[in-house]
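*Asks:* Give me the fold of what follows.
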Amino acid sequence: MNFLQDSIEGFLAREHRVIIIEITTTKGSAPRDEGTFMLVAPTEIHGTIGGGQLEYIAIENARKLLADAGGEVKLDIPLGPEIGQCCGGRVEMTFIVADEEARRALERRLAEEERQKPQVWIFGAGHVGRALAETLTLLPLKAFVVEARETELAQLTSEVHHRLAAMPEALIADIPAGSAVVIVTHDHALDFLIGRQALGRSDLAYIGMVGSKSKRGTFLHYLEEQGVERGEADRLVLPIGGSAVDDKRPEVIAAMTASEMLLAFAQWRKAT
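*Replies:* Numbering: from 1, shown residues only. Predicted structure coming up:
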């Protein structure tokens, strides 16, 4: 069994006999939400419906279907002592053979999920920008990196969308509502310019900037001179990543910032 996950598209292209397992109903406490799905082939799997005994039972049932050795197209599993789990809820699952029609339906679903992913616009592709972009590739977010230096963009992986821009601040106006903006350039003056443009948008879920308390003070003074009200300026998260973890390594800042943004996106969805 291979746990090094490739893309769903790659998995489906490689595996010709596949069962799609989807959680259709949950009651009480459950390891994953309704709509969660995974793919099961004769010897490989892609994704997870929560692991543990629940997933083991689901995989075993799927492979019985693949082998024409019985198996059910629906299962209703109590998450209690009967299966060695203590969640206390129930999970109902469907098992669908991934024929051509089912694959096309899955492709449409994935395309829609991709379209609805919240966007994160990272301004700056230095150490922190690259670390944050790499972190976000593991999350249900779509990351775009904007940089004025082509040499820095060249160090990004192919999974990260990127854009070379001589005037990065000009792109702020075109960012979709509900997105996040993270400012981590090599130039404080450019940071401030981009930050000022971002704060002019009232429809962004998160605006953050790398830096320190003293940089925050300097930027707030700059905004005051620009006539920006303090309430508007206070929307800026600076420094990004908070102060709960005293570690300035780019990877740590990236992880903490990603956590901040996930919370901000959740709050944005509730508010809108």
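
*Asks:* in the protein, what spans have low per-residue confidence?
*Replies:* Applying pLDDT under 70 to the chain flags the ranges 1-5, 80-88, 158.

*Asks:* for it, what spans make up the helices?
*Replies:* 8-14, 52-66, 100-116, 127-136, 150-153, 188-199, 213-225, 230-233, 250-271 (DSSP state H).

*Asks:* list the helices and strands the longest one packs on?
*Replies:* It refers to helix 250-271. Judged by 3 or more C-beta pairs under 8 Å, 6 or more residues apart in numbering; DSSP states H and E, the packing partners of helix 250-271 are helix 127-136, strand 180-183, strand 206-209. For every residue, glycine as well, the C-beta is placed using N, CA and C.

*Asks:* Apply 6 Å and report the result again.
*Replies:* For helix 250-271, the packing partners by 3 or more C-beta pairs under 6 Å, 6 or more residues apart in numbering; DSSP states H and E come out as helix 127-136.

*Asks:* sorry, back to before: tell me which of the helices of the chain lies nearest to Leu171.
*Replies:* For Leu171, the closest of those is helix 188-199, at 8.9 Å, according to C-beta to C-beta.

*Asks:* What number of residues are in the vicinity of Thr94?
*Replies:* Neighbour count for Thr94, taken as other C-beta atoms under 10 Å: 16.

*Asks:* Ignore what I typed, I meant Arg149.
*Replies:* 13.

*Asks:* From Gly47, how far off is it?
*Replies:* Using C-beta to C-beta, to the nearest Å, Arg149 is found at 37 Å from Gly47.

*Asks:* same deal with Leu75?
*Replies:* 17 Å.

*Asks:* Over to Arg103?
*Replies:* In this view, Arg103 and Gly47 are 15 Å apart by C-beta to C-beta.

*Asks:* Now do the domain split for the chain, please.
*Replies:* In the domain annotation for the chain, the residue ranges read 8-114, 117-271 (automatic domain parsing).

*Asks:* now the end-to-end length of stretch 178-187.
*Replies:* End-to-end distance for stretch 178-187: 26 Å, by C-alpha to C-alpha, to the nearest Å.

*Asks:* Run the chain-centre distance for it.
*Replies:* Here the centre of stretch 178-187 is set off from its chain's centre by 17 Å, with C-alpha atoms, centre = their mean, to the nearest Å.

*Asks:* in it, what's buried?
*Replies:* 178-185 (16 or more other C-beta atoms under 10 Å).

*Asks:* Over to stretch 196-206?
*Replies:* Buried residues in stretch 196-206 (16+ other C-beta under 10 Å): 196-199, 204-206.

*Asks:* quick one: terminal-to-terminal distance for it?
*Replies:* Length of stretch 196-206, first residue to last, C-alpha to C-alpha: 14 Å.

*Asks:* Use 833 as the first number for this chain going forward.
*Replies:* Sure thing, new numbering starts at 833, so read that last one as stretch 1028-1038.

*Asks:* Show me the contact partners of that stretch.
*Replies:* 1001, 1004, 1009-1013, 1039, 1064, 1093, 1096-1097, 1100 (C-beta atoms under 6 Å, 6 or more residues apart in numbering).
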